[in-house]
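In: Here is the input, now give the coordinates:
(4 chains)
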Number of protein chains: 2
Amino acid sequence: MAGQKSVHPTKGEFRILKVLWNQGPCTVRQVQEGLRDESGYTTVLKLMQIMLEKALLSRNEKERTHVYTAAVPEVQAKCGLVQDLIEKAFGGSAQELILQALSSRKSSPEELSEIRRMIDTIERKKP
Amino acid sequence: MAGQKSVHPTKGEFRILKVLWNQGPCTVRQVQEGLRDESGYTTVLKLMQIMLEKALLSRNEKERTHVYTAAVPEVQAKCGLVQDLIEKAFGGSAQELILQALSSRKSSPEELSEIRRMIDTIERKKP
DNA sequence: GTGTCAATACGAAACGGTTCGTAGCACTCA
DNA sequence: TGAGTGCTACGAACCGTTTCGTATTGACAC
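Out: Next up is the predicted model:
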């Protein structure tokens, strides 16, 4: 118990997690290629080592080339970020965040009805 | 022109902005008291000076005791945060963020229909 | 004037995130 | 065996945020 303390990934860490979530377990090299930018190999490696310490990643050291896996599920990490934002900026109100999200990008009618559909689903799920 | 470049408030800066949004123009002392924690006076002052440089705040120096005002509207700052999060974590999809927000806190039926009402409003506003 | 009080200004330092240079290790191939 | 390759490990350094100690200034009372 007590050790859960969900660590919040930084921006850079989140980018690495995204690659791992998409591609499944990867070597450092694979992650570095997955990030389509000029981040150097050792930079990515270092970041991943730190993430290992933070238990954001786990790794398999059986082979000489270590294989890393995301140790936090995508949903949980995103959920943490959203919770944070709701607390930090919207006084704990998810509604307010949603309103803001709705108005901050012009959503197409399709998106809006998509969202409406999601609400329907949730409503139906817990009567 | 060209100078807009909406600066993103840090966490600490955001807390100060919240006080100013709630209470209107304040002195440093008032802001420091508004933050109900142990942040020292000079710490708050320094932060506010930096925010002044970043144009997050403006101030009136007529009186000896300067009076600071939030220079960014609340909506705009929150919008920036939301945009950031959408980009960072949800691949630019506001929908996904909203779904996450809906599921990360159990919304009451009332909240859900509230949100539905908001969607109605938006839909009606731009046909 | 002189002392005191409350405010601003300035700069150093701590801290976390990030980048990168460099070293070392293991494997392969000639 | 020795050079080359590809990987991990380590540590220094940079940058932005945040904290805080200290100096300075202005107003007011005596």
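In: Alongside DNA strand D, which residues does chain A contribute?
Out: Residues of chain A lying close to DNA strand D by CB under 7 Å from any atom of the strand are A:27, A:28, A:29, A:41, A:42, A:45, A:46, A:49, A:64, A:65, A:66. For the C-beta atoms, the positions are set from N, CA and C on the backbone; glycine is no exception.
In: quick one: which of the residues you listed is most hemmed in?
Out: Sorting the residues of chain A next to DNA strand D by how many neighbours each has (other CB atoms under 10 Å in any protein chain shown) puts residue A:28 first, at 21 neighbours.
In: follow-up on the earlier one: of all the residues of chain A next to DNA strand D, the one with the weakest confidence?
Out: In terms of pLDDT, residue A:64 ranks lowest among the residues of chain A next to DNA strand D, with 86.
In: what's near enough to touch it?
Out: Contact analysis of residue A:64 by CB atoms under 8 Å, 6 or more residues apart in numbering or on different chains lists nothing.
In: Confirm that it sits in a helix.
Out: No. Counting by DSSP: H, G, I helix; E, B strand; the rest coil, residue A:64 is not part of a helix but coil.
In: Near chain B, which residues of chain A? Just list them.
Out: A:11, A:14, A:75, A:77-79, A:81-83, A:85-86, A:88-90, A:94-95, A:97-107, A:109, A:111-112, A:114-116, A:118-119, A:122-123, A:126 (CB under 8 Å from any CB of the partner chain).
In: Which members of the residues you listed are classed as buried?
Out: The neighbour-count test (16 or more other CB atoms under 10 Å in any protein chain shown) applied to the residues of chain A next to chain B identifies A:14, A:77-79, A:81-83, A:85-86, A:89-90, A:94-95, A:97-105, A:107, A:111-112, A:115, A:118-119, A:122 as buried.
In: from the residues you listed, which ones fall inside helices?
Out: Using DSSP state H, A:14, A:77-79, A:81-83, A:85-86, A:89-90, A:94-95, A:97-104, A:111-112, A:115, A:118-119, A:122 are the members of these that sit in helices.
In: quick one: residue A:108 from DNA strand D, how far?
Out: To DNA strand D, residue A:108 is 33 Å away according to CB to the nearest atom of the strand, to the nearest Å.
In: again but with residue A:73, I slipped
Out: Note on residue A:73: its distance to DNA strand D, by CB to the nearest atom of the strand, is 23 Å.
In: Look at that residue and say how many residues are nearby.
Out: 11.
In: okay, it: pLDDT?
Out: Turning to residue A:73, the model gives it a pLDDT of 93.
In: now swap in residue A:76 and tell me
Out: Here the pLDDT value assigned to residue A:76 is 87.
In: what's the most distant pair in the residues of chain A next to DNA strand D?
Out: A:46 and A:64 (18.9 Å; CB to CB).
In: residues from chain A in reach of DNA strand C?
Out: Proximity of chain A to DNA strand C, by CB under 7 Å from any atom of the strand, involves residues A:10, A:11, A:12, A:13, A:39, A:40, A:42, A:43, A:46, A:47, A:50, A:64.
In: Quickly name whichever of those residues is closest to chain B.
Out: residue A:11 (6.2 Å; CB to the nearest CB).
In: Next up, the contacts around the closest one.
Out: Applying CB under 8 Å, 6+ apart, the residues contacting residue A:11 are residue B:88.
In: try 10 Å
Out: The contact partners of residue A:11, by CB atoms under 10 Å, 6 or more residues apart in numbering or on different chains, come to B:84, B:88, B:89.
In: again, but for residue A:31
Out: Shown in contact with residue A:31 (CB under 10 Å, 6+ apart): A:15-20, A:23, A:39, A:41, A:44-45, A:47-48, A:57, A:68.
In: Do you know the pLDDT at it?
Out: Taking residue A:31 on its own, its pLDDT is 94.
In: And the strand or helix carrying it, how far out from the chain middle?
Out: Per DSSP states H and E: residue A:31 is located in helix A:28-34. On the basis of CA atoms, centre = their mean, to the nearest Å, helix A:28-34 sits 17 Å off its chain's mean C-alpha point.
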